[in-house]
Each structure stands twice: as C-alpha cells, then as structure tokens.
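K.L.:
output the structure for:
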Amino acid sequence: MINIDDDSININYRILTEQVNLTSNELDTKSTNEIVKIFCEADKEPQKAVENAIPEIINAIDEITLKLKSNGRLFYIGTGTSGRLGVLDASECPPTFCTDPDLVQGIIAGGVPSLTKSSESLEDVSEIAIADLKDRDFSNRDVLIGISASGRTPYVLAALNYSKSINALTISISSVPEFDSSLFNDIDIRLITGPEILAGSTRLKAGTATKMVLNIISTSIMIKLGKVYGNRMIDLSVSNEKLIDRAIGILFDIGSVNKETALQLLQQTNGSVKLSLLIALSGLDVIEAKQLLDDSKGNLRTALIKIKSD
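P.N.:
I've put the predicted structure just below:
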C-alpha cells in the first residue's frame, strides 16, 4: 500500500516537468503522421535549452577538468532515466578514450538491476544515495553531477547535499526553473525544455537535453585531457576490427604511413594510437616517444611542440 500525504499534494500547482503540453492535446486521436510531426517540432526545444545553458556548461567543463587533472574522479548520480543516462555516458568513456573505469562513474539508485528494471520506489530513499557515494570513497577531490529532471528527487537531492557538505565540486542538471526547485550546488545547469508531449514523461525532451549535455561535458573534458588530436580519437581502445580499421585510418591521415607500417606501429606500442602517431611524426623510437609523451602529460600536441622547439 502506498502512503500518500494529502498535505503535500496541490493539484492547482504542478512543476514544469509535470505540466500539460497544449500542443499535444488529444494526442491519442492523431494520425501517425501528425504524431511524428508533433515530436519533431517538440524535439527542437532540447537544443534551445542546451544553448541557453552554455555559460554553466562551460564552467562545469573547466572546473571538472581541473579536478580530474588533480587525480579527482567524476560521478554521475540519478534515478530512472536520469540515472541510466549517467551510467551510459560513464560506460562509454573507457572504450572511447581508454580511460580507467574509475575515472568517470555512473551511479543509479538500485544499482545494475535498475538499468533494465523499474526501481521508482528507491527515488525517495535519501540514505541510499549517501551510502552509494561512500561505497565508492567519494571525497572532496571528486566531482558529483546530480541529474534530476524535476529537481526534486530525494535520492539525488541527498547526494547533492552530501557532496556539498564535504566540499566536493557539486553540479546539478535539472529541467525546471529555480522557483520550482532550489538545489545545493556549485554549478546549476537548468535545461528548460517545457512540458513533455506525454505529460510528465521526462525521458523525452528533458532526457534528450540531458543526453546532449552529458555528451558535451564528457567529450570536452577528454579533449582537454589530451585524448583528442584535431578531431580524432587518439586514445581509443583498439579492441575489435572496426577500431583497428579506425586506428589505421588515423595513422594514415595524420601520420602519413601506409597500412603495413600502421600495423607495425600498433604492434610495437601495444595498440596505442597516440604513441604510434608520435613515433610516425617524430621518428623517435618507442622508448624515447613514450618518455616524451609522459613528460608532456600524455598530450600529443604538447609533445610535438617540444620536438619542434628542440
């Protein structure tokens, strides 16, 4: 039996993410063509919401980068769709950028089972969030991004409050204005996407905007950590045929080597595209190139500038 507090319910006031979208009234009577057009029009709003939050996103990227360069880690935390989006973004960092799995972590209320099964009841259990952070030795060296479309999820609010209380860098992502929800944070990213096509279904516009921002934040951080050269992923994990082909293509395009040489370089460097590129562009041997890369804090462009200046 669900316990409902009558005093907490005000049907005359709904936060933005729970309001009714007038453009999709009588949606169930629409043709497939009309439904798709309504969605296409509505999905322009997440892009606008992200653009309106550019200053906060820039601030978040720069501050997180400083923390990670000082041996900090980045954590996403959320429930339901928000939690899944955080786990997704975190899980894509190791294969895309060869990061340690501990560097960027996603926490969802209920853990791994909640990725495929509903666990809405856990959204209201504040204590679990703090325990989840403590289990990962979350400290003031780290960064927490709390994701809650409504800005009211107790699990996420507790995590934000705990993070702030220990002076960790604390960032929130929500889809409601400040008068709907006041959040404890250092950086407040508000993605105002308006009422959903299906009232309250924040896996739609709010989820889309959140996914866009997480993509921007994590990718930008990895660029600043030296895992990108030009617009190529040079720290990718060469673990299957597609990625081997991609690595060869990068070495061909940037290092101006043929396929045979590219494969030889990848074998010599244990599959490191970055180190292979440095050898191809500098003529150094593996040991010299590795030392130079270490001295350049893993940044290929910095290493190449040092060679040029020498």
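
K.L.:
that's a strand at residue 201, yeah?
P.N.:
No. Residue 201 is assigned coil when assessed by DSSP: H, G, I helix; E, B strand; the rest coil, not a strand.

K.L.:
show the pLDDT at it.
P.N.:
Looking at residue 201, its pLDDT is 92.

K.L.:
please apply the same query to residue 8.
P.N.:
Predicted confidence (pLDDT) for residue 8: 50.

K.L.:
kindly report the same for the one 4 residues further on.
P.N.:
At residue 12 the predicted local confidence, pLDDT, stands at 50.

K.L.:
quickly find the element holding residue 144.
P.N.:
Residue 144 is part of strand 143-147, with elements assigned from DSSP states H and E.

K.L.:
meant to ask about residue 307, not that
P.N.:
Going by DSSP H and E, residue 307 is in helix 300-309.

K.L.:
just checking, what packs against that helix?
P.N.:
helix 273-282, helix 286-295 (3 or more Cβ pairs under 8 Å, 6 or more residues apart in numbering; DSSP states H and E). The way it works is simple: take the backbone N, C-alpha and C, and place the C-beta from them, glycine included.

K.L.:
nearest approach to residue 182 belongs to which of these?
P.N.:
Ranking the helices and strands packed on helix 300-309 by proximity to residue 182 (Cβ to Cβ) places helix 273-282 first, at 44.0 Å.

K.L.:
relative to helix 286-295, how tilted is the closest one?
P.N.:
If you take axes from the mean of the first three to the mean of the last three Cα atoms, to 10 degrees, helix 273-282 sits at 110 degrees to helix 286-295.

K.L.:
which residues touch helix 273-282?
P.N.:
229, 233-236, 238, 247, 250-251, 254-257, 261-262, 265-266, 268-269, 284-286, 289-290, 292-293, 298, 300, 303-304, 307 (Cβ atoms under 8 Å, 6 or more residues apart in numbering).

K.L.:
out of these, which end up buried?
P.N.:
Buried members of the contacts of helix 273-282, scored by 16 or more other Cβ atoms under 10 Å, are 229, 233-236, 238, 247, 250-251, 254-255, 257, 261-262, 265-266, 269, 284, 286, 289-290, 292-293, 300, 303-304.

K.L.:
how far off centre is the helix or strand hosting residue 206?
P.N.:
Using DSSP H and E, residue 206 maps to helix 205-224. Its chain's average C-alpha position is 5 Å from that of helix 205-224, according to Cα atoms, centre = their mean, to the nearest Å.

K.L.:
would you mind writing the CA trace of the helix or strand containing residue 77 as CSV?
P.N.:
Using DSSP H and E, residue 77 sits in strand 74-78. C-alpha atoms of strand 74-78 as CSV (Å, rounded to 0.1, in the frame of the first residue of the first chain):
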residue,chain,number,x,y,z
LEU,A,74,33.7,12.4,-12.0
PHE,A,75,30.5,10.8,-10.8
TYR,A,76,27.0,11.0,-12.3
ILE,A,77,24.1,10.1,-10.0
GLY,A,78,20.4,9.8,-10.7
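
K.L.:
which neighbouring elements make contact with that strand?
P.N.:
So strand 74-78, by 3+ Cβ pairs under 8 Å, 6+ apart, packs with helix 54-69, helix 80-97, strand 104-108, helix 126-135, strand 143-147, helix 154-165, helix 205-224.

K.L.:
following the last one, which helix or strand comes up?
P.N.:
So that's helix 205-224. For helix 205-224, the succeeding helix or strand toward the C-terminus, using DSSP H and E, is strand 228-229.

K.L.:
walk me through the domains of the chain.
P.N.:
27-34+40-224, 228-309 (automatic domain parsing).

K.L.:
turn those into a markdown table, including distance to residue 14.
P.N.:
Putting these into a markdown table (distance: least, Cβ to Cβ, whole Å) gives the following:
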| stretch | distance to residue 14 |
| --- | --- |
| domain 27-34+40-224 | 9 |
| domain 228-309 | 43 |
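
K.L.:
pick the most buried one from the ones you listed.
P.N.:
Greatest average neighbour count among those goes to domain 27-34+40-224 (a mean of 19), per mean count of other Cβ atoms under 10 Å.

K.L.:
the helices and strands packed on strand 74-78 into JSON lines, with extra columns for mean pLDDT?
P.N.:
Below are the helices and strands packed on strand 74-78 laid out as JSON lines (pLDDT from 0 to 100):
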{"stretch": "helix 54-69", "mean pLDDT": "98"}
{"stretch": "helix 80-97", "mean pLDDT": "95"}
{"stretch": "strand 104-108", "mean pLDDT": "97"}
{"stretch": "helix 126-135", "mean pLDDT": "94"}
{"stretch": "strand 143-147", "mean pLDDT": "98"}
{"stretch": "helix 154-165", "mean pLDDT": "97"}
{"stretch": "helix 205-224", "mean pLDDT": "98"}
